[in-house]
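*Asks:* how would this look folded up:
(chains A and B)
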2 protein chains.
Amino acid sequence: MTSEFDLIARHFTRPTRHTVLGVGDDCAIVQPSARHALVVTTDMLVAGTHFLPDTDAERLGWKTAAVNISDLAAMGAQPRWITLALSLPAVDEHWIAALARGFAECSEAYGVDWIGGDTTRGPLNLCATAFGEVEVGGAIRRSGAHAGDDIWVSGWPGLAALGLRHLLDGTPLDADWRDTCVEALERPQPRVALGLALRGVARAMLDVSDGLAGDLAHILERSACGAVLDEAALPLAHAQAACGDAALAQRCVLAGGDDYELLFCAAPDKRDAITAISKQLDLPLSRIGTCVAPPGLQLRQRDGAIVALPPRGFDHFA
Amino acid sequence: MTSEFDLIARHFTRPTRHTVLGVGDDCAIVQPSARHALVVTTDMLVAGTHFLPDTDAERLGWKTAAVNISDLAAMGAQPRWITLALSLPAVDEHWIAALARGFAECSEAYGVDWIGGDTTRGPLNLCATAFGEVEVGGAIRRSGAHAGDDIWVSGWPGLAALGLRHLLDGTPLDADWRDTCVEALERPQPRVALGLALRGVARAMLDVSDGLAGDLAHILERSACGAVLDEAALPLAHAQAACGDAALAQRCVLAGGDDYELLFCAAPDKRDAITAISKQLDLPLSRIGTCVAPPGLQLRQRDGAIVALPPRGFDHFA
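*Replies:* Residues are numbered from 1 along each chain as shown, chains lettered A, B, ... in the order given. Sure thing, here's the model as predicted:
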């Protein structure tokens, strides 16, 4: 019989690199860096709500770590530590081993020590809590955008949403793009290096998890300003190549969700610095719009007309 | 329609006292104290596994915070911050408000800022992560017990187990004790003041969540020693008064679970200090046994015979 303690010892106890005490006591112990603040985030992933029940366990483990690390990246923080609490309907050691492997692989890839957790029985649920460090006063919040700021987004949002549609209802994808889209959904790459590079450059930032327009609305609300996005500047090329449908591609880019790209606002005098960061990281950064004083989110269409853009972000209870 | 963001704003956003940035961004921001280490714990509570589905929501909120704060107490830490991620099958605002009230009430009672969380849809699951601070090197781990140390336990373990039996199968309890037992189960009081007072006094400690004997076995394993418990010294009086059954009382004290009392080991020369702490906190501290060199857990019966004591702690997958 496999006990809870066997499972923890066999699969959930990993070597740590910068941790005083890891798995095995009432608490883990870590030593925060002097003159740094700690940023903390927690995300819960539920079968059927956040992932398909047949999702590959290793990818699910990866994603559980990745979505938490992405929140650290969105503050401009250095990821440091993570915990994983999970409830499992039954013991399938092969599945658990794969889940733990994926979680550990993602954590290690971003320099994060997996320091503890909780293992219990119940409907499948994964709850990670991640900790990062920023120099005191250095965190990039959602509230710092000003009218006149440029709005930027990293990478190619929309691909994960296309991958999900493909898996859910068979939305056809170009054969060359199918794996890319499913991997964007199941194995997101948190933009940690970008978040760190944007300290002192971006003045408002978040990660796009619920859809670009909806998440931008959170920045606008916190910063008490509005925005006009420029349709011609949206990074549509990959989504359009993947699905061959311009309208669907645009919907997925603006409201798809699960992107884990960074959306940020910066003063126009930072354009050269941002272009240099893009080159250095070999990561496209698209300047997609401008913050404006009047509240609300609008889209400047290719024909020059300006239309209201409903945020359409994901809301678990709407 | 109540949105996820409305719920968070209305029920899960509380004033904080020592937090740089609370609910509402990608991460919370806190400022760890200089020359302190951070202790971190996470506990997941699942309906049907950790609590009865009809448990009062306010008490459930209290308990979710309390079991995490108890883990901080067990390290001798000062509790500081807590997050709550939860998945809910549906929106029942009355229920959610009560849950949040209980969680906030317990957090505030122990000086803990509720700094963030996650709200999602799914089978009822509550996952809190709590953070405390200890002076560097000051945490009381499970691994510090020595042969010859006294073994102590606080309060009156066993009452929560009696309360659970009463609710589950109608085990009869004395009318004067019924509420006390159910309250021990549903509204545990983490021993924070005791944990803090035991810094420099106890050299191994944990909180009793899975049953006294089973949890003691964790200390023994980490400390590479054994123990002999003294039946005549066990704090049986309250459990026995509650159920009127000496054998059941002893089973509940030794293997009941959900006690959240502190179990600790200290050198014999600390007896006076521990007695003084007991008086100061008005909290019974019972010296229930001795650590010994040979591994294993034994009980010295009232007749003087020494018998092996199976740990019988709670294991979610055994």
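
*Asks:* Look up the closest residue to A:Gly148, ignoring the ones flanking it.
*Replies:* Spatially, and ignoring its direct neighbours in sequence, A:Gly148 is nearest to A:Cys291 (6.4 Å; C-beta to C-beta, 6 or more residues apart in numbering or on different chains). For every residue, glycine as well, the C-beta is placed using N, CA and C.

*Asks:* In contact with the one you found, which residues are there?
*Replies:* A:145-151, A:220, A:223, A:225-227, A:265 (C-beta atoms under 8 Å, 6 or more residues apart in numbering or on different chains).

*Asks:* what about the helices in the stretch 101-250 of chain A?
*Replies:* In the stretch 101-250 of chain A, the helices defined using DSSP state H, counting those that start in this stretch lie at A:159-169, A:175-186, A:192-197, A:212-223, A:237-243, A:246-255.

*Asks:* Can you tell me which of those is nearest to B:Gly22?
*Replies:* Across the helices of the stretch 101-250 of chain A, B:Gly22 has its closest neighbour in helix A:212-223 (12.8 Å, C-beta to C-beta).

*Asks:* Contacts for that closest one next, please.
*Replies:* For helix A:212-223, the surrounding residues in contact (C-beta under 8 Å, 6+ apart) are A:141-146, A:151, A:153, A:157, A:204-209, A:226-227, A:229, A:253-257, A:259, A:261, A:263, A:265, A:291, A:295-297, A:309-314, B:24-25.

*Asks:* swap the cut-off to 6 Å and go again
*Replies:* A:142-143, A:145, A:157, A:204, A:206, A:208, A:226-227, A:254-255, A:263, A:297, A:309, A:311-313 (C-beta atoms under 6 Å, 6 or more residues apart in numbering or on different chains).

*Asks:* same question, stretch A:100-117
*Replies:* Residues outside stretch A:100-117 that contact it (C-beta under 6 Å, 6+ apart): A:11-12, A:14, A:16-19, A:22-23, A:28, A:58-59, A:61-62, A:64-66, A:69, A:79, A:81-85, A:192, B:42.

*Asks:* Local confidence estimate at A:His316?
*Replies:* According to the prediction, A:His316 has pLDDT 55.

*Asks:* can you confirm A:Ala66 is in a helix?
*Replies:* Yes. The assignment for A:Ala66, made by DSSP: H, G, I helix; E, B strand; the rest coil, places it in a helix.

*Asks:* Which pLDDT does the model give the residue nearest to the spatial centre of chain A?
*Replies:* Most central residue of chain A, judged by C-alpha distance to the mean C-alpha position with C-alpha atoms, centre = their mean, is A:Tyr260 at 2.8 Å. Looking at A:Tyr260, its pLDDT reads 96.

*Asks:* which residues touch it?
*Replies:* A:70, A:188, A:190, A:207.

*Asks:* Of those, which belong to strands?
*Replies:* Cross-referencing the contacts of A:Tyr260 against strands under DSSP state E gives A:Asp207.

*Asks:* May I ask which of the contacts of A:Tyr260 has the most neighbours?
*Replies:* Sorting the contacts of A:Tyr260 by how many neighbours each has (other C-beta atoms under 10 Å in any protein chain shown) puts A:Ser70 first, at 30 neighbours.

*Asks:* I'd say that residue and A:Val192 touch.
*Replies:* No. Applying C-beta atoms under 6 Å, one finds A:Ser70 not in contact with A:Val192, separated by 8.2 Å.

*Asks:* Can you check which residues contact both of the two?
*Replies:* In contact with both A:Ser70 and A:Val192: no residue, using C-beta under 6 Å, 6+ apart.

*Asks:* any idea which helix or strand carries A:Val307?
*Replies:* Using DSSP states H and E, A:Val307 sits within strand A:306-308.

*Asks:* again with A:Leu283
*Replies:* A:Leu283 belongs to no helix or strand, assigned by DSSP H and E.

*Asks:* now swap in A:Asp6 and tell me
*Replies:* In this assignment (DSSP H and E), A:Asp6 forms part of helix A:4-11.

*Asks:* roughly how far out does that helix sit from the chain middle?
*Replies:* Per C-alpha atoms, centre = their mean, to the nearest Å, the displacement of helix A:4-11 from the mean C-alpha position of its chain is 29 Å.
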